[in-house]
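Novice: need a 3D model of the following:
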Amino acid sequence: ASFMDYALPRADGFLGFKTAFDTSIPCTTNVLGAKGVGELGTIGATPAVVNAVVDALRRAGRGEAAERMQMPLTAETVWRALNG
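Specialist: Numbers count the residues shown, from 1 in each chain. Below is the predicted model:
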């Protein structure tokens, strides 16, 4: 197969394309009233990192400290958990 076999989007197909902001329900948690988009791909990374640190602390014999770990995981937080 090649690109000749597929209907690819072309510039002339977007002549009537219009962008608009939906301000009917603004976000109330920030001054701009803006809502986030595009962060969805990063949602799983944070818990994965926290779980990895907790697992490493348990394997290092610091199980009690591992149970208390919460975000943000700063270098100081992890160092204190490792060193008591």
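
Novice: grab the longest helix from the chain for me.
Specialist: When every helix of the chain is counted residue by residue (DSSP state H), the longest turns out to be helix 45-59.

Novice: for that one, what is the average pLDDT?
Specialist: When pLDDT is averaged over helix 45-59, the result is 91.

Novice: which parts of that helix are buried?
Specialist: Within helix 45-59, the residues scored as buried using 16 or more other Cβ atoms under 10 Å are 53, 54, 57. Quick note: C-beta positions are derived from backbone N, CA and C, even for glycine.

Novice: mind putting those into TSV with distance to residue 37?
Specialist: Listed next are these as TSV, based on distance: Cβ to Cβ, whole Å:
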residue	distance to residue 37
53	29
54	30
57	35
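
Novice: any idea which of those is closest to residue 82?
Specialist: Taking Cβ to Cβ as the measure, residue 82 sits nearest to residue 57 out of those, at 6.9 Å.

Novice: host element of the nearest residue to the closest one once chain neighbours are set aside?
Specialist: In this structure, residue 57 finds its nearest non-sequential neighbour in residue 66, 3.8 Å apart by Cβ to Cβ, 6 or more residues apart in numbering. Assessed by DSSP states H and E, residue 66 sits inside helix 63-67.
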